[in-house]
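K.L.:
sequence unknown, structure follows:
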């Protein structure tokens with residue numbers, strides 16, 4: 001072993017379930033109905049599902065489409081690739097298919113300083129099962 005290998009700190013090992021739990025601890029997650037109300041009063045609803053998944057499962061009309069791999073760059077107010085709406089006080093509601101990836105993504109946005117970032121409990125699947133299309137419940 002080289003000296004550089006011995007000097008490198010050992011990464012703390014965690015499962016994805018632990019990472020997800022830590023992410024969700026910092027969020028005020030929203031039900032589909034709560035998310036719809038926030039969206040109707042100015043929050044930005046961001047669908048991070050890949051294009052193939054949206055094609056297979058359906059779109060959410062009016063949601064901002066930003067795939068997961070570029071989300072932080074689009075919302076980081078300090079990024080050259082940011083959207084014009086990016087700001088630290090912006091309420092961003094992240095939506096994925098079932099509410100797992102969105103929790104990780106919303107926590108990453110909070111880590112950038114977007115303190116109002118959150119996600120939808122149950123994701124797009126829950127949004128669709130909340131009659132009609134997430135507007136009630």
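P.N.:
Great, that's in hand. Treat the numbers as computed from the prediction; the structure is a model and nothing was measured.

K.L.:
all helices of the protein, in order?
P.N.:
Using DSSP state H, the helices found in the chain span residues 3-7, 16-25, 32-40, 51-57, 71-75, 101-111, 123-129.

K.L.:
of the ones you listed, flag the one that's most buried.
P.N.:
Among the helices of the chain, the stretch with the highest mean neighbour count (mean count of other C-beta atoms under 10 Å) is helix 101-111, at a mean of 22. C-beta coordinates here come from the backbone N, C-alpha and C atoms, glycine included.

K.L.:
next, the angle from that helix to helix 16-25.
P.N.:
60 degrees (axes from the mean of the first three to the mean of the last three C-alpha atoms, to 10 degrees).

K.L.:
what's next to helix 101-111, contact-wise?
P.N.:
Helix 101-111 is contacted from outside by 19-20, 22-24, 26-27, 29, 48, 68, 71-72, 75, 92-96, 117-120, 123, using C-beta atoms under 8 Å, 6 or more residues apart in numbering.

K.L.:
what do you get for stretch 114-134?
P.N.:
Taking C-beta under 8 Å, 6+ apart as the rule, stretch 114-134 contacts 27-33, 35-36, 43, 47, 49, 57-58, 60, 75, 87-100, 102-103, 105-107, 109-110, 136-137.

K.L.:
kindly report the same for stretch 68-86.
P.N.:
Contacts for stretch 68-86 (C-beta under 8 Å, 6+ apart): 44, 46, 48, 50, 66, 87-88, 90, 92, 94, 96, 101, 105, 108-109, 112-114, 117.
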